[in-house]
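Q: What shape does this take:
(one chain, ligands or ions: 1)
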Amino acid sequence: MFGLIGHLTSLEHAQSVARDLGYPEYADQGLDFWCSAPPQIVDTITVTSATGQQIEGRYVESCFLPEMLATRRIKAATRKIINAMAHAQKHGINITALGGFSSIIFENFNLQQIQQVRNIKLEFERFTTGNTHTAYIICRQVEQASKQLGIDLGQATVAVCGATGDIGSAVCRWLNARADVAELLLVARNQERLQDLQGELGRGKVMGLEEALPEADIVVWVASMPKGVEIDYGALKQPCLMVDGGYPKNMANLIQHPGIYVLNGGIVEHSLDIDWRIMRIVNMDVPARQLFACFAESMLLEFEKLYTNFSWGRNQITLEKMDLIGQVSVKHGFRPLLLSGV
Ligand code: NDP
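A: This is a model prediction of the structure:
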C-alpha cells in the first residue's frame, strides 16, 4: 500500500475544505485549532497502471498549514509532520510521499533526530520526498511546453527561482547536461549556496529575481515560499513560459496576459481515471487524472515494489535517478501536464 502525506495551502483553504468534506467542527476554527488537530486518513485510493496492475493507497492529511511557519509556530509545524508519518506507518503503509512543505519541514528542522513517536519507531525507508519525480516532470514540462510555444531551448535563457533547493538544483543539473539551454539564471537568497551550485554546474549567472525575470524566456518556479510573489507581467519577455512548481504557488497573481504562458509545474496526468476526492480539493483542472508528481512517485515505488526512500536528504538527486523514475513513470501511464489550447 502507498501513502500520500499532504496539507492545504492556507487557513482559508483548510476551512472551506473541512466544510466540503463534512467536518463542520473544523470549518469555523482558527489557526490555534489546526495547530492541535491530529493527522487523519481522509481518502482511500485505488490506482490502475497502464500495465493493468492495481494498487491501493491512503491520503493522510497532516493538518499542517503554511501560516504556521509564517507565524513561527515551528513546534506545531514539526509535530504535524512527525505525527502524520507515525500515522501512516501505524496503518501499515509501505511507502509514503511527503508532499509539499512536509519534506521541507522534515529537512529544515532535522526531524530525522526524532525517531520515536509515542510507541512507534519511525522507519524512514518507508518514506520518500517524491522530489526526484517532481524534478524529472518539471524538466520534461520545460522541454515539451517550450516546443509548444516555439521556444528553442538552445537559444533560451532559463531562470530557476529556488535554484539551490532540492528540486531546483536537480532541475539545474538536467537543464545544464541534458537540455543544453543557452543561459541559466540562478535565483535564491543564500549567496553561498548559489556560489556552490554555480561551481558544481560550471556555469549559470547568479541573479536577484527582479533582474532575472525580464531576461528570461522561461522561468521555473521552485522556491519554498509560504505565500506567492506579485509579478509585473509587463516587464517580461514575450513569449515567456512560466512553470510554477511551488506548493503553495510561487506566483501570487495569475492573470491572463498576452504572450505569458503559465503552466502548473510538477503535475502529471494519468492515462486512466483515479477514484479519489483529494485532487478536487486542491483544485486540479481534471481531478480524476491530474496529480502532484511527488504523490505519483510513491505510487510508482509501490507499483515497482521499490520499498526504499528513493528521494531523501537534500540536493542528492542525480540524473540517473531521474532517468530511472522517468522510465517507470512512462511505463505506468503518467505524462507531464502541458499547455492546453496552444
Ligand atoms: P527546498 O527547501 O529544498 O528549496 C527551496 C528553494 O527556494 C531554495 O533554493 C531556497 O533558497 C529558495 N527560496 C526560498 N524562499 C525564497 C524566496 N523568497 N526567494 C527566492 N528563493 C527562495 O524546497 P523543495 O525543492 O523541496 O520544494 C520547492 C517547492 O516545490 C515548494 O514550494 C514545494 O512545496 C514544492 N513541491 C512541489 C511538488 C509537486 O509535486 N509539484 C513536490 C514537492 C515540493 P534560499 O533559502 O537561499 O532563498
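Q: residue farthest from the centroid of this protein?
A: residue 119 (30.5 Å; Cα atoms, centre = their mean).
Q: near the ligand, which residues of the stretch 201-342 of the chain show up?
A: 222-225, 245-247, 266, 292-294, 314 (Cβ under 6 Å from any ligand atom). In short, each C-beta sits where N, CA and C put it, glycine included.
Q: Residue 1: which of the residues you listed is nearest?
A: residue 294 (17.3 Å; Cβ to Cβ).
Q: per-residue pLDDT, the closest residue to the ligand within the stretch 151-300 of the chain?
A: Using Cβ to the nearest ligand atom, residue 165 is the residue of the stretch 151-300 of the chain that sits closest to the ligand, at 2.1 Å. According to the prediction, residue 165 has pLDDT 98.
Q: residues contacting it?
A: By Cβ atoms under 8 Å, 6 or more residues apart in numbering, the contact list for residue 165 reads 188, 222-224, 315.
Q: Among the residues you listed, which ones are in strands?
A: Residues of the contacts of residue 165 located in strands (DSSP state E): none.
Q: a markdown table please, covering these and showing pLDDT and neighbour count.
A: A markdown table is the format used below for the contacts of residue 165 (pLDDT from 0 to 100; neighbours: other Cβ atoms under 10 Å):
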| residue | pLDDT | neighbour count |
| --- | --- | --- |
| 188 | 98 | 23 |
| 222 | 98 | 29 |
| 223 | 98 | 23 |
| 224 | 95 | 22 |
| 315 | 95 | 17 |
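Q: Quick check, residue 185 in contact with residue 158.
A: Yes: judged on Cβ atoms under 8 Å, residue 185 makes contact with residue 158 at a distance of 7.0 Å.
Q: Counting neighbours, go ahead and name the busier of these two.
A: residue 158 (27 against 23; other Cβ atoms under 10 Å).
Q: helix, strand or coil for that one?
A: strand (DSSP: H, G, I helix; E, B strand; the rest coil).
Q: need the residues of the stretch 1-150 of the chain near the ligand, please.
A: So the stretch 1-150 of the chain meets the ligand at 100-101, 103-104, 130-131, 134 (Cβ under 6 Å from any ligand atom).
Q: which one is the residue nearest the centre of the chain nearest to, not counting chain neighbours?
A: Taking Cα atoms, centre = their mean, the centroid of the chain lies closest to residue 100, which sits 5.1 Å from it. Closest residue to residue 100 apart from its sequence neighbours, by Cβ to Cβ, 6 or more residues apart in numbering: residue 247 at 4.2 Å.
Q: can you pull the contacts of the one you found?
A: Contacts of residue 247 by Cβ under 8 Å, 6+ apart are 9, 99-101, 266, 292.
Q: Residue 245 now?
A: Taking Cβ under 8 Å, 6+ apart as the test, what residue 245 contacts is 134, 138, 167, 220-222, 265-266.
Q: okay, now residue 293: neighbour count?
A: Residue 293 has 30 nearby residues by other Cβ under 10 Å.
Q: For it, what are phi and psi?
A: Main-chain torsions, residue 293, degrees, to the nearest 10: phi -60, psi -30.
Q: Could you do residue 219 as well?
A: Dihedral angles (degrees, to the nearest 10) for residue 219: phi -120, psi 130.
Q: Was I right to think it contacts residue 242?
A: Yes: counting by Cβ under 8 Å, residue 219 sits close enough to residue 242 to count as a contact (5.0 Å).
Q: Between those two, tell me which one has more neighbours.
A: residue 219 (30 against 24).
Q: partners of the more buried one in the sheet?
A: Taking DSSP bridges as the rule, residue 219 bridges to residue 159, residue 242.
Q: any idea how far residue 170 lies from residue 129?
A: As judged by Cβ to Cβ, to the nearest Å, residue 170 and residue 129 stand 11 Å apart.
Q: Next: residue 194.
A: Distance from residue 194 to residue 129, by Cβ to Cβ: 22 Å.
Q: try residue 158
A: 23 Å.
Q: which stretches of the stretch 201-342 of the chain form helices?
A: Under the criterion DSSP state H, counting those that start in this stretch, the stretch 201-342 of the chain contains helices at 209-212, 278-281, 293-303, 319-331.
Q: Distance from the first one to the middle of the chain?
A: Meaning helix 209-212. Averaging C-alpha positions (Cα atoms, centre = their mean, to the nearest Å) puts helix 209-212 23 Å from its chain's average.
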